[in-house]
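Colleague: Take this sequence and fold it.
(one chain, ligands or ions: 1)
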Amino acid sequence: MTNQNPISDMQKAPAIRVEKSKPLRGEITVPGDKSISHRAVMFGALAKGDTRVQNFLQGADCLSTISCFEKMGIRIENNKEEVIIHGKGLHGLSAPTETLYTGNSGTTTRLISGILAGQPFSTRLTGDDSICKRPMKRVIDPLSEMGADIKSENGNGCAPLLISPASLRGIHYNSPVASAQVKSAVLLAGLYADDKTSVTEPVLSRDHTERMLRMLGASVTSEGVTATITPNPDLTAQDIFVPGDISSAAYFIAAASIVPGSEVLIKNVGINETRAGILKVADAMGARIELLNRRGGDGEPVADLLVSYAPLHGTTVSGELIPALIDEIPIIAVMAAAAEGTTMIKDAAELKVKESDRIFTVTENLKKMGADVTPTEDGMIIEGGRPLMGAAIDSYLDHRIAMSFQVASLIARGETTIKDADCVNISYPTFYSDLAALIQ
Ligand code: S3P
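Modeller: Residues are numbered from 1 along each chain as shown. A predicted model of the protein is given here:
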């Protein structure tokens, strides 16, 4: 029994059980990028012709996006190897006959709101319990400023949202948050406005919308933290290859860095600078990561990452770096718990409005494992180096919490269980088996 792979038979268990791990060794290709997969469907639907998408993320969030566009008359073939979107152009969507359901996906809800604001038909948009608690005022405000007719059904600034036809005007929006979802919603509404629309952010957020719209033929300019779009372009279908998701690669970066003796090659990872903050933080913590075979240019840059175990030390994660690693903070916190010394995470109050309140869900679960961690208003302080103990982890139905603590359990003494472990289906359905395959 002792030689058994500790996580090999977890797939069947209602809660995942993990015990201290052997080294991780070998190669892994993580699934396609979630942000880019969403955009490929949305923008492909608004382009004329067939957009063929390779390496599309078959996670629940991206499938929600497909289903919303199917309900608006877009034919989408999904044969797993390839997703083909039969786009009908900027004005080709038709009125859905039922409420659009966005599941757990903030990206679907916010980006689609920008598109729906410009349509000649009314829509009702809603999602799961978590989505109906997340702030939508951040898109309602700028879209209303453009003239959109968009309301929160319950008047609480959250979904369900009711969006009705209205003429849109181009605006300049000074966004109070560095959020690619807000920026994208406004730029997408800008496709249907009477004049140019621009968004200035406090710090540059991920720029996949700008890159992909440009690739499809839109005029989008980016100058520092400001992006500007010209309305009514002819968008033309293109082939899109979705790079591996650095947010999913992050779990293997962390696991290989903290489990002694590990060496893992993570192939085909998107390393767009607006997403790759984890590489900078890992480097500052003393991680050993080599970027091999760098490729791609204008579209989305890609590399293979060779990660080897190295003793980590604490660091400060703050400021302009935060938007480039916002989804990786749970796993960075796990790395920090394994590192020697103090890690401070600051300027990350956005964590509170993700799929769970990640300041709470990360610190609660780390405490259960015996880590020395203190939540703060905009982050957390972790005194690393205490040995971790197995614990009953609650994922709070947040995919990134489940995956982060599965990785933490690899260095914990004793058994860890993860409640609602299957929430990883949101962004990485094969996460547990992919991780198990590296531990032989
Ligand atoms: C995303 C943007 C980020 C990120 C989310 C995906 C996107 O959210 O947390 O997982 O695809 O635009 P915010 O824009 O709210 O920061």
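Colleague: Which positions in the stretch 1-150 of the chain make contact with the ligand?
Modeller: The interface of the stretch 1-150 of the chain toward the ligand, taken as C-beta under 6 Å from any ligand atom, is made up of Ser35, Thr107. In this view, the C-beta of every residue, glycine as well, is placed from N, C-alpha and C.
Colleague: tally of neighbours for the closest residue in space to Ile345 that isn't next to it in sequence?
Modeller: With C-beta to C-beta, 6 or more residues apart in numbering as the measure, Gly379 is the residue that lies nearest to Ile345, at 3.6 Å, once sequence neighbours are left out. Neighbouring residues of Gly379 were enumerated by other C-beta atoms under 10 Å; the total is 26.
Colleague: looking at this, Asp50 is in a helix?
Modeller: No. Secondary structure of Asp50, determined by DSSP: H, G, I helix; E, B strand; the rest coil: strand, with no helix assignment.
Colleague: Tell me the pLDDT of it.
Modeller: If you check Asp50, the pLDDT there is 98.
Colleague: That one reaches Gly87, doesn't it?
Modeller: Yes. The criterion here is C-beta atoms under 8 Å, and Asp50 meets it with Gly87 at 7.1 Å.
Colleague: Please say which of these two ends up with more neighbours.
Modeller: Each of Asp50 and Gly87 has its neighbours counted (other C-beta under 10 Å); Gly87 has more, 25 against 15.
Colleague: What does the more buried one show for phi and psi?
Modeller: Dihedral angles of Gly87 (phi, psi; degrees, to the nearest 10) stand at phi -70, psi 150.
Colleague: And the nearest residue to it once chain neighbours are set aside, how close does it get to His91?
Modeller: The shortest distance from Gly87 to any residue other than its chain neighbours is 4.3 Å, reached at Ala47 (C-beta to C-beta, 6+ apart). Relative to His91, Ala47 is positioned 12 Å away (C-beta to C-beta, to the nearest Å).
Colleague: more neighbours, those two?
Modeller: Summary of the neighbour comparison: Ala47 and His91, criterion other C-beta under 10 Å, with Ala47 having more neighbours (27 against 11).
Colleague: if I look at the more buried one, how far off is Thr197?
Modeller: From Ala47 over to Thr197 the distance is 19 Å, taken as C-beta to C-beta.
Colleague: With Ala227 instead?
Modeller: Taking C-beta to C-beta as the criterion, Ala227 is separated from Thr197 by 9 Å.
Colleague: what's the answer for Thr342, then?
Modeller: Between Thr342 and Thr197 the distance is 43 Å, computed by C-beta to C-beta.
Colleague: Run a quick neighbour tally on Glu377.
Modeller: Should you count by other C-beta under 10 Å, Glu377 turns out to have 9 residues around it.
Colleague: Show the contacting residues for it.
Modeller: When contacts are counted by C-beta atoms under 8 Å, 6 or more residues apart in numbering, Glu377 touches Ala349.
Colleague: shouldn't Tyr251 be in contact with Tyr432?
Modeller: No. Distance between Tyr251 and Tyr432: 10.7 Å, which falls outside the contact criterion (C-beta under 8 Å).
Colleague: Which one's more surrounded, Thr342 and Thr197?
Modeller: Thr197 (27 against 16).
Colleague: How about the more buried one, nearest residue that isn't a chain neighbour?
Modeller: Among residues not flanking Thr197 along the chain, Gly190 sits closest, at 3.0 Å (C-beta to C-beta, 6+ apart).
Colleague: what ranges do the helices span in the chain?
Modeller: Using DSSP state H, the helices found in the chain span residues 34-46, 60-70, 106-117, 137-145, 180-190, 208-215, 246-258, 277-284, 329-338, 358-368, 399-409, 431-438.
Colleague: Of those helices, which is nearest Ala421?
Modeller: Put simply, out of those the one that sits nearest Ala421 is helix 399-409, at 5.3 Å, with distance taken as C-beta to C-beta.
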